[in-house]
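K.L.:
Okay, predicted coordinates and the sequence, questions at the end:
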Amino acid sequence: MQMSYFALRRQKLRSILTILALGIGIASVVIILSAGKGLERMIVGELDIYTPDALNIEVRVPGKGHVGNMTSMATGVTITTFKNTDIDEIEKHPNIESAFGYVTGQEVIKYQEENKTVILFGYGANAIKVEKIELAEGRFYDNAEEDSLAQVLALGAKVKEELFGEDSAVGKNVYLRGKAFRIVGVVVPRGASFGFDYDSIVYIPTKTLQKKLLGTDFVMGAMAKVIDLGKIEQTKADVEYLLRQNHSITDPDRDDFEITTMDEIRETLETIVGGITLLLVALVGISLIVGGVGITNIMYVTVAERTFEIGLRKAVGARSKDILWQFLSEAVMLTFTGGIVGIILGYIISYGVYYGATSYGLNWSFSVSLFSIVLALGFSSAVGLFFGIYPARKAAALDPIVALRKE
């Protein structure tokens, strides 16, 4: 081992470049495992604001596939067929406990000298029964306030902090388009979901937002909570039939809505994450193969350069297996050191990914597990053994007389 160390030191630049190349490949392993864990936890967190017994109903452009509101926004088409009356009928289903419709808008909210542009969420009063919405202070508005178009609202945690600081916000008035709205509650921090920061929005009764600010009578979508989770698929089919009847749709391929369960959304996300992970694993595999080929090349050149040394050692009594293990230990030493460098580099980059994701508002977590460290070190050593064995065997097989003549 000591001879291997001094042999590598004689070729410092070559050894450093080889270690760096392998370190990048090993860092990729650490980064992907860390990012995979962060992505997995983020997805769980994204769906955590919804209960598993919820149905998500979104409008979509007929015939455009199952991508919900994104199709409408991407094509610039506004679907106006989903009405409050549809939601009222959905709530009459015997397996639906509660349902609410939602719309969105953007306005400048004013309080005294403070002005802030915010996203308005028109959420039906039943939202608190369907989603996991908790109040830090005050209450959520009720059905009576929504039906009477009351000018009330609830603030997201960040909006409250920016407008009121440590002061209580409940009972105070803010202004939207010159209209006074009374604050009835402040929502506890909910974090981000699919890149959307729920703490930076303002909740207003759907009908109030429709009639008094947007001038519309349709919703972008709805959420419904079922009573018996075991009957959720049948309930979904019943709601699809109801909406087709209401919207005069005879061909399911022409649906102007899409209904999904939480399990379906989870399966879709898992498929996407699985595809991304496979792609990244393939890229890492290529990187490690390239690093391994580099090890083979470096060791092969080393054998060629040290042919006389090998012949001399064998001439004074060194056995073939001694030569074999010397060159193998050099390869393993290079890759093991590359593994250490890769772990350190992977840790730093993984933290950078975490910092960037959280800065963007994603519910990301930072995790470099012991498993990833052991895997990286073990894999790097295995690469050294696998790709170093050919040049090591070539060195061990040299005839000492032929080797001495190379000088």
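P.N.:
On my side now, so go ahead. All of these numbers come straight from a predicted model, not from anything done at the bench.

K.L.:
alpha carbons only for contacts and neighbour counts from here, please
P.N.:
OK.

K.L.:
quick one: secondary structure of residue 62?
P.N.:
coil (DSSP: H, G, I helix; E, B strand; the rest coil).

K.L.:
Look up which helix or strand the residue nearest to residue 111 when sequence neighbours are not counted falls in, please.
P.N.:
Once flanking residues are discounted, residue 111 sits nearest to residue 174: 5.0 Å by Cα to Cα, 6 or more residues apart in numbering. Using DSSP states H and E, the element containing residue 174 is strand 173-176.

K.L.:
what's that strand packed up against?
P.N.:
strand 96-111, strand 179-187 (3 or more Cα pairs under 8 Å, 6 or more residues apart in numbering; DSSP states H and E).

K.L.:
Of those, give the one that comes closest to residue 253.
P.N.:
When the helices and strands packed on strand 173-176 are compared by Cα to Cα, strand 96-111 sits nearest residue 253, at 23.4 Å.

K.L.:
So which bits of the closest one are buried?
P.N.:
96-104, 109-110 (16 or more other Cα atoms under 10 Å).

K.L.:
and the strand holding residue 174, average pLDDT?
P.N.:
For strand 173-176, mean pLDDT rounds to 95.

K.L.:
which ones are touching residue 173?
P.N.:
111, 180-183 (Cα atoms under 8 Å, 6 or more residues apart in numbering).

K.L.:
and if we set it to 6 Å?
P.N.:
180-182 (Cα atoms under 6 Å, 6 or more residues apart in numbering).

K.L.:
next one: residue 230
P.N.:
Applying Cα under 6 Å, 6+ apart, no residues qualify as near residue 230.

K.L.:
change the start of the numbering to 52 and stick with it
P.N.:
Got it, the first residue is 52 from now on, which makes the last one we talked about residue 281.

K.L.:
Confirm it sits in a helix?
P.N.:
Yes: counting by three-state DSSP, residue 281 is part of a helix.

K.L.:
Next one: it from residue 104, what distance?
P.N.:
To residue 104, residue 281 is 9 Å away according to Cα to Cα, to the nearest Å.

K.L.:
Residue 151 now?
P.N.:
14 Å.

K.L.:
same thing with residue 183?
P.N.:
Taken as Cα to Cα, the span from residue 183 to residue 104 is 12 Å.

K.L.:
same thing with residue 298?
P.N.:
25 Å.

K.L.:
Compare those two (neighbour count), which wins?
P.N.:
Using other Cα atoms under 10 Å as the criterion, residue 298 and residue 104 rank with residue 104 on top: 19 against 15.

K.L.:
Just checking: what are the partner strands of the strand holding residue 225?
P.N.:
Paired with strand 224-227 in the same sheet, following DSSP bridges, are strand 147-162 (antiparallel), strand 230-238 (antiparallel).

K.L.:
Including mean pLDDT and distance to residue 174, could the ones you listed go into TSV?
P.N.:
As requested, those are exported to TSV (pLDDT from 0 to 100; distance: least, Cα to Cα, whole Å):
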stretch	mean pLDDT	distance to residue 174
strand 147-162	93	5
strand 230-238	95	13
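
K.L.:
who wins for proximity to residue 207 among those strands?
P.N.:
strand 230-238 (5.3 Å).

K.L.:
Which positions in that closest one come out as buried?
P.N.:
Counting neighbours by 16+ other Cα under 10 Å, the buried set in strand 230-238 is 232-238.

K.L.:
Looking at these, which is nearest residue 108?
P.N.:
residue 238 (23.7 Å).

K.L.:
how about that closest one, what does it touch?
P.N.:
Contacts of residue 238 (Cα under 6 Å, 6+ apart): 185-187, 207-208.

K.L.:
Of these, which is the most crowded?
P.N.:
Most surrounded of the contacts of residue 238: other Cα under 10 Å gives residue 207, at 24 neighbours.

K.L.:
And the closest residue to that residue other than its chain neighbours, how far from residue 309?
P.N.:
Spatial nearest neighbour of residue 207, excluding adjacent residues (Cα to Cα, 6+ apart): residue 250 at 4.4 Å. Counting by Cα to Cα, the gap from residue 250 to residue 309 is 27 Å.

K.L.:
So which bits of the strand or helix carrying residue 290 are buried?
P.N.:
For residue 290, the host element (DSSP H and E) is helix 283-297. Buried residues in helix 283-297, counted by 16+ other Cα under 10 Å: 283, 286-287, 290-291, 293-295.
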